[in-house]
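*Asks:* Model the structure of this input:
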Amino acid sequence: MSSTTSPLVRPGRRPAGHGVLRVGRASFLVHRRAAVVAAVLTGLLGCAVVAYLCVGESFVPPSQVVRVLLGRPSPDELVVGTLRLPRLVVGLLGGAAFGVAGALVQTVARNPLASPDVIGITHGAGAATVAAMSFTAIAYDALPYVSIAGGLAAAALVYAFAWRRGLHASRFVLVGIGVSVALGSLTQLLLTKGDYLAAQQAKIWLTGSLDGRGYEEARPLALLMVVAVPAALWAARAQRGANFDDDTATALGVRLDRVRLGLTLLGVVLTSVATGAVGPVDFVALLAPQIARRLTRTAQIPLLSSALTGALVVVVADLLARRLFSPVELPVGVLTAAVGAPYLMWLVARNRSRSGGNPS
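*Replies:* Numbers count the residues shown, from 1 in each chain. Got it, this is the predicted structure:
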């Protein structure tokens with residue numbers, strides 16, 4: 001979704017493939033294909049939600065799932081309403097947050113290889129959370145706030161080292177990768193020096209898992225997503241300016257540094273809270289925006305489709321993780337990493353071949 005005030009569109013003219021959405025006095029340009037893709041993704045997500053609530057150690061008929069969701073008496077209230085639904089809500093919110101955060105970071109970096117788990121934000125949130133779990137008696141519901149602090153600290157570190165009279169996209173990614181490696185090493189050091197039992201719990205959390213997650217973890221995520229809606233509307237418009245090169249943006253009057261800082265901060269907060277709730281589920285923030293962009297074929301990464309794709313990836317991955325090797329249950333992060341790592345290698349090889357073998 002984009003506003004009619006795009007600097008690349010002449011007043012009174014509508015770009016091809018767009019329609020106008022009017023809300024009161026405000027009007028927005030809507031990419032038709034992106035709207036169709038969002039509708040299809042919503043339908044697929046609805047099917048995944050029903051399958052998630054039906055499938056498990058015991059199968060629950062869809063009719064009983066609907067009864068539970070409508071608040072009607074059902075013999076499957078315990079299985080659906082108490083065990084599966086809270087976990088599903090956390091997965092939906094966490095996946096959507098990762099998807100939007102990945103879209104924002106890739107917009108700032110102008111690089112499909114960039115994502116919060118590649119440039120150090122997730123590792124910063126993870127290191128802070130592991131430190132809190134290993135060395136303090138912190139309440140579990142306070143972990144999202146610790147993750148926010150760690151993610152912000154990591155982002156500030158990347159931003160400080162990458163800043164040289166402006167924020168260059170490739171330097172931002174390279175510095176982020178270096179910070180990510182350093183924070184990963186720090187996390188391993190904390191695991192070896194902390195309390196043994198707490199370290200074992202932290203190791204499980206580091207794999208990214210929805211096991212045992214409930215409404216307590218979903219609450220800060222839900223609050224953040226509601227608060228972030230106005231910021232996301234701003235980000236959808238600001239993305240256009242961030243996609244320009246520095247000279248073009250300056251000529252058009254775009255305050256590029258402020259835009260990039262705002263987009264980065266929003267992405268960091270979304271990533272950090274999602275990491276605190278579900279753990280560092282790798283590669284969702286990398287995969288979701290690129291899948292959404294390829295489906296919509298838009299010039300900028302669509303935030304709504306990225307959120308829907310991220311939620312769909314997490315829900316389907318967790319469903320497979322629960323049932324693929326039953327009765328053994330895998331952490332959802334193991335499955336997303338198994339898919340995301342080959343994709344990352346393919347993306348690196350593809351970019352390298354396009355640049356004629358020059359890695360820069």
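
*Asks:* residues touching the most centrally placed residue in the chain, list them.
*Replies:* The centroid of the chain falls nearest to residue 98 when counting by C-alpha atoms, centre = their mean (0.9 Å). Residue 98 sits next to 116, 270, 271, 274, 281, 284, 285, 288, 310, 314 when contact means C-beta atoms under 8 Å, 6 or more residues apart in numbering. For glycine as for every other residue, the C-beta is placed from the backbone atoms N, C-alpha and C.

*Asks:* from those, which single one is nearest residue 69?
*Replies:* Relative to residue 69, the closest of those is residue 314; by C-beta to C-beta it sits at 19.6 Å.

*Asks:* Setting aside sequence neighbours, what's the nearest residue to the closest one?
*Replies:* Nearest residue to residue 314 in three dimensions, chain neighbours excluded: residue 95, at 3.2 Å (C-beta to C-beta, 6 or more residues apart in numbering).

*Asks:* Can you classify that neighbour as helix, strand or coil?
*Replies:* Secondary structure state of residue 95, per DSSP: H, G, I helix; E, B strand; the rest coil, is helix.

*Asks:* quick revisit: which of the contacts of residue 98 count as buried?
*Replies:* Buried by 16 or more other C-beta atoms under 10 Å: 116, 270, 271, 274, 281, 284, 285, 288, 310, 314, out of the contacts of residue 98.

*Asks:* TSV for those residues, including distance to residue 230?
*Replies:* TSV is the format used below for those (distance: C-beta to C-beta, whole Å):
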residue	distance to residue 230
116	21
270	14
271	19
274	19
281	26
284	24
285	22
288	22
310	20
314	24
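
*Asks:* Go through the residues you listed and name the one nearest residue 104.
*Replies:* Closest approach between the buried ones among the contacts of residue 98 and residue 104, by C-beta to C-beta: residue 270, at 7.7 Å.

*Asks:* separation between the closest one and residue 229?
*Replies:* 12 Å (C-beta to C-beta, to the nearest Å).

*Asks:* Touching, residue 321 and residue 331? I think so.
*Replies:* Yes - contact criterion C-beta atoms under 8 Å: residue 321 and residue 331 qualify, at 6.7 Å.

*Asks:* which other helices and strands contact the longest helix anywhere in the chain?
*Replies:* Ranked by residue count, the top helix of the chain under DSSP state H comes out as helix 215-243. Packing partners of helix 215-243 (3 or more C-beta pairs under 8 Å, 6 or more residues apart in numbering; DSSP states H and E): strand 2-3, helix 85-109, helix 143-162, helix 256-278, helix 303-323.
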